[in-house]
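Novice: kindly return the folded structure for what I paste below:
(chains A and B)
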Amino acid sequence: MASRYEIRFAGSGGQGVILAAVVAGEAAALFEEGLSVVQTQSYGPEARGGKSKAEVIIAKEPIDYPKAMKPNLQVILTQQAAEEYAGDTLPGGRIIYDDFFVTSLPQVDANIYYLPIVRTAREKVGNEITTNMVALGAVARVLELENIVKPESVKKAILAKVPEKTKQSNSLAFDEGYTLFKNSIHL
Amino acid sequence: MPDVAFWQGNEALAHGALAAGCRFFAGYPITPSTEIAEIMAEELPKINGRFIQMEDEIAGIAAAIGGSIAGRKSLTATSGPGFSLKQENLGFAYIAEIPLVVVDVMRGGPSTGLPTKAAQQDVMQARWGTHGDHGTICYAPSSVQECYEVAIKAFNAAERYRQPVLILSDEIIGHMREKVVPPKIKAKDLLERKRPVDVPEKFIPYLPDPRDDLPCMASFGDGYTWHITGLTHNEWGFPTNSPEEIEKMMKRLMRKVDRFRDDIVEYETALTDDADILVLAYGSVARTSLRAVHEARVRGIKAGFFRPVTLWPFPDRELEKLARKAKTIIVPELNCGQMVLEVERAVHGKAKIVAQNLVNGELFKPEEILSVIEEVA
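Specialist: Here you go, the predicted structure:
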């Protein structure tokens, strides 16, 4: 892995971007060995609908600056977030866009993945509230390719976090997201 | 206690307080400190402690003072607006010499300000927010691990020196999650207030022990009669207008922090040995600053890093030593220039001081501090 790997989830309040980042952070901190992990978020005073952004930094060394500078990977779930954050991506990094809420893609030097995150949550899992877990599945595949965190660690972190009765749907959402990225090709 | 945890700063602070022996919390929830109250509400009842949500922040600190007088290590936590409200009772705890830990997770001010955004605007309020002279002990953690550790240090200092001890965290440190390895705390790591050894009839509540200049403390309900007042008092705890008694009390109050200053002061440095330029920062800003200093070194600039862990007492002598070698000290803060005043006082003109201020609710980016380092290099 690079000396510092930065992930940003961006969307709107209620889409679960903060929880996605927390679970990714827990996977790296608690279920992998020898990694430094920091997770931060930025949100407004409103509970739903405002801009919401959450970041995870994973490194082998201690982490000083706790926020993303040039994210290696961004998961962007709204058009507004696309316009605001896409340009920050590390040149040659990855952006995963939701293909339902993001309709116009900014010109950025990155590998672009235009995936049905929200539609998968709605149609295959049957509940849009699992959007963040579908996104996390896709992120888990990237972290596997980058040899940073194993997908099993992310799944363990999800199951340790979510309530008993939602374990099955969250697990399904994760698997769908993982497969979605695995079978995708970037634009 | 888990071996490894992935906690928010606020969670680590609450768990640190519990490990320090805190068994009473009273407060009123406020962003960005609420997680501390939530965890205390959940955990205290499991270990024979008590949590009370009071009607406001004033009552929160008042109840916490009561909890301490009843013999339990007590905590209250808030943010800027609540810290303002607590100032009067904070003064009461200083003059009555009540051990207590008060946490302020700073957000943007003045007034209601920016509930979800970071700031460092309460630094001078922590020192001088309540009226009247008093020594201040105030820790500013800059990582989640350190939130846990300063909670323990703060309780130890409160018990040791019999006074309120402050922790100034900020929204970024409070809400940031990091991997934490909680140190195993043993009984010998924890300090407890000195209890009276004489029989109740001989108990003089504010008679200092000649060995450390500090009085022992009885708990309400232990059978010791003890008058507690916010008025200036004599050794029996009763109000006094005698100039000798007034001066004796005030001088001893002030001496507490001065006399033990070297035991209390904590700071951290990096790359200072040959540094021409020092960046002095605390709390979340220290994280950006350290990054900027490392990046400056990559560019061949001899930059160093100085972080006060205790904002009060400020590590002035230690900084002054470094200022003899460094030409410039940059002080980035999320306020319009507060700690920089103390830096100016400490270095006595031995180095040029450059204030860098940000009050837009965001954290400095490394390149912003780096650009100032490059300007002065």
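Novice: hey, let's count contacts and neighbours off CA atoms from now on
Specialist: Will do.
Novice: any low-confidence regions in the stretch 101-250 of chain B?
Specialist: Of all residues in the stretch 101-250 of chain B, none has pLDDT under 70.
Novice: what sits against residue 134?
Specialist: All of this refers to chain A. Going by Cα atoms under 8 Å, 6 or more residues apart in numbering or on different chains, A:Val134 touches A:117-118, A:120-121, A:173-178.
Novice: nope, chain B
Specialist: B:94, B:253-254.
Novice: take these and lay them out in CSV including secondary structure, distance to chain A and pLDDT.
Specialist: As requested, these are exported to CSV (DSSP: H, G, I helix; E, B strand; the rest coil; distance: Cα to the nearest Cα, whole Å; pLDDT from 0 to 100):
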residue, secondary structure, distance to chain A, pLDDT
B:Tyr94, helix, 35, 98
B:Leu253, helix, 38, 94
B:Met254, helix, 37, 93
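Novice: which stretches of the stretch 251-377 of chain B form helices?
Specialist: Counting by DSSP state H, counting those that start in this stretch, the stretch 251-377 of chain B has helices at residues B:261-264, B:283-298, B:316-323, B:339-347, B:366-376.
Novice: how about those, which one is nearest A:Ala21?
Specialist: helix B:283-298 (19.7 Å; Cα to Cα).
Novice: what about A:Ala157, neighbour count?
Specialist: 21 (other Cα atoms under 10 Å in any protein chain shown).
Novice: tell me which element it is part of?
Specialist: According to DSSP states H and E, A:Ala157 maps onto helix A:151-161.
Novice: report the buried residues of that helix.
Specialist: Neighbour-count burial for helix A:151-161, counted by 16 or more other Cα atoms under 10 Å in any protein chain shown, picks out A:151, A:153-159.
Novice: quick check, nearest of the contacts of A:Val134 to chain B?
Specialist: Closest approach between these and chain B, by Cα to the nearest Cα: A:Phe174, at 21.1 Å.
Novice: I'd say that closest one and A:Leu136 touch.
Specialist: Yes: between A:Phe174 and A:Leu136 there is a contact at 6.3 Å, judged by Cα atoms under 8 Å.
Novice: how about the residues of chain A that lie near chain B?
Specialist: A:22, A:25-26, A:29-30, A:36-45, A:64-66 (Cα under 8 Å from any Cα of the partner chain).
Novice: show the buried residues in those residues.
Specialist: Buried members of the residues of chain A next to chain B, scored by 16+ other Cα under 10 Å, are A:22, A:25-26, A:29-30, A:36-44, A:64-66.
Novice: let's see which of those residues end up in helices.
Specialist: A:22, A:25-26, A:29-30 (DSSP state H).
Novice: and these, which is closest to B:Pro81?
Specialist: A:Val22 (28.5 Å).
Novice: okay, strands next: where are they in the stretch 201-350 of chain B?
Specialist: B:208-209, B:214-215, B:267-270, B:277-280, B:303-308, B:310-312, B:328-333 (DSSP state E, counting those that start in this stretch).
Novice: which neighbouring elements make contact with the first one?
Specialist: If I follow you right, that is strand B:208-209. Contact partners of strand B:208-209 among helices and strands, from 3 or more Cα pairs under 8 Å, 6 or more residues apart in numbering or on different chains; DSSP states H and E: strand B:214-215.
Novice: quick check on residue 20: phi, psi?
Specialist: If you meant another chain, say so; for now it's chain A. phi -60, psi -40 (degrees, to the nearest 10).
Novice: next up, the contacts around the most centrally placed residue in chain B.
Specialist: Nearest to the geometric centre of chain B sits B:Cys138, at 2.5 Å (Cα atoms, centre = their mean). Applying Cα under 8 Å, 6+ apart to B:Cys138 gives the contacts B:126, B:165-168, B:310-313.
Novice: how about it: what's its closest non-neighbour residue?
Specialist: B:Leu166 (4.5 Å; Cα to Cα, 6 or more residues apart in numbering or on different chains).
Novice: can you pull the contacts of the one you found?
Specialist: If you count contacts by Cα under 8 Å, 6+ apart, then B:Leu166 has B:101-104, B:126, B:136-139, B:154 around it.
Novice: and what of B:Ile173?
Specialist: Neighbouring residues of B:Ile173 by Cα under 8 Å, 6+ apart: B:8-10, B:141-144, B:283-284.
Novice: from these, which two are the most distant?
Specialist: For the contacts of B:Ile173, the farthest-apart pair by Cα to Cα is B:Gln8 and B:Gly283; their separation is 14.4 Å.
Novice: so A:Leu143 is in which element?
Specialist: helix A:131-145.
Novice: pull out the buried residues from that helix.
Specialist: Quick answer for helix A:131-145 (16+ other Cα under 10 Å): A:131-143.
Novice: make CSV from the residues you listed and add distance to B:Leu322 to it.
Specialist: Listed next are the buried residues of helix A:131-145 as CSV, based on distance: Cα to Cα, whole Å:
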residue, distance to B:Leu322
A:Thr131, 53
A:Asn132, 49
A:Met133, 51
A:Val134, 53
A:Ala135, 49
A:Leu136, 48
A:Gly137, 50
A:Ala138, 50
A:Val139, 46
A:Ala140, 47
A:Arg141, 49
A:Val142, 46
A:Leu143, 44
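Novice: which one among these gets closest to B:His175?
Specialist: A:Asn132 (20.0 Å).
Novice: in this structure the closest one contacts A:Val17, no?
Specialist: Yes: A:Asn132 lies in contact with A:Val17 (Cα under 8 Å); the separation is 6.1 Å.
Novice: OK, contacts around B:Phe83?
Specialist: B:Phe83 makes contacts with B:57, B:104, as judged by Cα under 8 Å, 6+ apart.
Novice: sorry, that was for A:Glu176
Specialist: A:120, A:124, A:134, A:137.
Novice: from these, pick the one nearest chain B.
Specialist: A:Gly137 (20.3 Å).
Novice: okay, the closest one: pLDDT?
Specialist: The model reports A:Gly137 with a pLDDT of 98.
Novice: can you tell me which residues contact it?
Specialist: A:151, A:173-179, A:181.
Novice: as CSV, the residues you listed with pLDDT would be great.
Specialist: Below are these laid out as CSV (pLDDT from 0 to 100):
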residue, pLDDT
A:Pro151, 98
A:Ala173, 98
A:Phe174, 98
A:Asp175, 98
A:Glu176, 98
A:Gly177, 98
A:Tyr178, 98
A:Thr179, 98
A:Phe181, 98
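Novice: contact partners of the lowest-mean-pLDDT helix or strand in chain A?
Specialist: Here the helix or strand of chain A ranked lowest by mean pLDDT, DSSP states H and E is strand A:36-43, holding a mean of 92. When contacts are defined by Cα under 8 Å, 6+ apart, strand A:36-43 is touched by residues A:13, A:18, A:21-22, A:25, A:28-29, A:50-63, A:66-67, B:116, B:172, B:175-179.
Novice: and if you look at stretch B:109-129?
Specialist: So stretch B:109-129 is contacted by A:42-45, B:31-32, B:80-81, B:84, B:87, B:106-108, B:136, B:138, B:166, B:168, B:170-172, B:311-312, B:333-336, B:338-339, B:359, B:361-363 (Cα under 8 Å, 6+ apart).
Novice: just the buried ones from those?
Specialist: Buried among those (16+ other Cα under 10 Å): A:42-44, B:31-32, B:80-81, B:84, B:87, B:106-108, B:136, B:138, B:166, B:168, B:170-172, B:311-312, B:333-335, B:338-339, B:359, B:361, B:363.
Novice: and B:Lys188, how many residues sit next to it?
Specialist: Applying other Cα under 10 Å, we find 7 residues neighbouring B:Lys188.
Novice: helix, strand or coil for it?
Specialist: helix (DSSP: H, G, I helix; E, B strand; the rest coil).
Novice: quick one: it from chain A, how far?
Specialist: Using Cα to the nearest Cα, to the nearest Å, B:Lys188 is found at 29 Å from chain A.
Novice: check B:Glu374 too.
Specialist: Per Cα to the nearest Cα, B:Glu374 is found 19 Å from chain A.
Novice: burial measure for that residue, as a count.
Specialist: Around B:Glu374 there are 13 other residues, counting by other Cα under 10 Å.
Novice: list the contacts of it.
Specialist: By Cα under 8 Å, 6+ apart, the neighbours of B:Glu374 are B:296, B:301.
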